[in-house]
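[1] Can you look at this prediction? I've put the sequence above it.
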Protein chains: 2
Amino acid sequence: MKQIARSELDLMNILWDQPGLAASDVHAALPRSDSRSLQTIKTLLSRLVEKEALRAERDGRRFLYHPTLTRDDHAASATRRFSERLFGGRAAPIVAHLAKGDGLSDADIAELEAIIRELKARD
Amino acid sequence: MKQIARSELDLMNILWDQPGLAASDVHAALPRSDSRSLQTIKTLLSRLVEKEALRAERDGRRFLYHPTLTRDDHAASATRRFSERLFGGRAAPIVAHLAKGDGLSDADIAELEAIIRELKARD
DNA sequence: CCTGATTGACTACAGCTGTAATCGTTTATA
DNA sequence: TATAAACGATTACAGCTGTAGTCAATCAGG
């Protein structure tokens, strides 16, 4: 499973939300703050097809792009790689670092609690 | 703050544990499974000095390397970047992904609980 | 039918990463 | 003292990433 680069991930996110867009649609769907040219977007889409993260479906003289890799699979493997490399696979230090920054909402904390309860229920 | 590459991080880890090693010491400290040559290690150390993650202290005709960047600062900023990019800064999905893989030990879970308690105590 | 816009294909190119060879100097050793 | 070993500096080079230009084909509008 090839790596998805930072700049490519934006396009994956758009296509996970709206599969089947053409290159120009993806370009249009970017936030206005994103100044990458349509050409750049096309190059990135081609690379994602090479990496088999997207499938290009011909539609006349253009292509419609569909994710092959799911958002969840990508998130799971990226998360595992990250926690492995930095913390030997432990989750607690990650949460600790995020907690320090004051970036966790009440909702996030509640969600964490639920996950912990679930984990403790497993035997 | 420049990025620390994957291959460079191994060296940082060694030097966080044992500051003040020379290039050959760092090379010797690598696990035997690591086949990178001494030359490669020297190149990586130079790059880390350029990136100001290490300071090179002259000792005769060689250098002793000391981390400038702390392990904690690096972990914190890498973690924030990661969670931001993948999950909009939320911590729960990260833990959820790690939990799925069955990779969390009881100790890890206990640690998470403690962090949660701490977070809830904050008002 | 001509012309301008659109599209994918191909090419470009600099910066970063991973890995190492080579070179010139210095030091230790025989 | 001659030579080998060790050292930092410089150079190399391929793969990945970020960004885009150019080109040839095609489509839409006048």
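    Arrived safely, thanks for sending.
[2] use CA for all of it now, contacts and neighbours both
    Fine.
[3] ok, and does stretch A:59-70 reach over to chain B?
    No. No part of stretch A:59-70 sits near chain B under the criterion C-alpha under 8 Å from any C-alpha of the partner chain; the closest distance found is 13.4 Å.
[4] for that stretch, how far is the first residue from the last?
    22 Å (C-alpha to C-alpha, to the nearest Å).
[5] Likewise for stretch A:55-68?
    One end of stretch A:55-68 to the other measures 6 Å (C-alpha to C-alpha).
[6] which residues are contacting that stretch?
    Outside of stretch A:55-68, the residues within contact range by C-alpha atoms under 8 Å, 6 or more residues apart in numbering or on different chains are A:Met12, A:Leu15, A:Trp16, A:Pro19, A:Gly20, A:Leu21, A:Ala22, A:Ala23, A:Val49, A:Glu52, A:Ala53, A:Leu54.
[7] distance between that stretch and the chain's centre?
    In terms of C-alpha atoms, centre = their mean, to the nearest Å, the gap separating the centre of stretch A:55-68 from the centre of its chain is 20 Å.
[8] tell me the mean pLDDT over it?
    Regarding stretch A:55-68, the rounded mean pLDDT is 97.
[9] Only the buried residues of it, if you could.
    Burial within stretch A:55-68, assessed by neighbour count using 16 or more other C-alpha atoms under 10 Å in any protein chain shown, is assigned to A:Arg55, A:Ala56, A:Phe63, A:Leu64, A:Tyr65, A:His66, A:Pro67, A:Thr68.
[10] swap in stretch A:98-109?
    Judged by neighbour count (16+ other C-alpha under 10 Å), stretch A:98-109 contains these buried residues: A:Leu98, A:Ala99, A:Leu104, A:Asp108, A:Ile109.
[11] Please apply the same query to stretch A:18-34.
    The neighbour-count check on stretch A:18-34 (16+ other C-alpha under 10 Å) flags A:Pro19, A:Gly20, A:Leu21, A:Ala22, A:Ala23, A:Val26, A:His27 as buried.
[12] now those residues in JSON lines, with pLDDT, secondary structure and distance to B:Lys2?
    Putting those into JSON lines (pLDDT from 0 to 100; DSSP: H, G, I helix; E, B strand; the rest coil; distance: C-alpha to C-alpha, whole Å) gives the following:
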{"residue": "A:Pro19", "pLDDT": "98", "secondary structure": "coil", "distance to B:Lys2": "35"}
{"residue": "A:Gly20", "pLDDT": "98", "secondary structure": "coil", "distance to B:Lys2": "37"}
{"residue": "A:Leu21", "pLDDT": "98", "secondary structure": "strand", "distance to B:Lys2": "35"}
{"residue": "A:Ala22", "pLDDT": "98", "secondary structure": "coil", "distance to B:Lys2": "35"}
{"residue": "A:Ala23", "pLDDT": "98", "secondary structure": "helix", "distance to B:Lys2": "32"}
{"residue": "A:Val26", "pLDDT": "98", "secondary structure": "helix", "distance to B:Lys2": "30"}
{"residue": "A:His27", "pLDDT": "98", "secondary structure": "helix", "distance to B:Lys2": "29"}
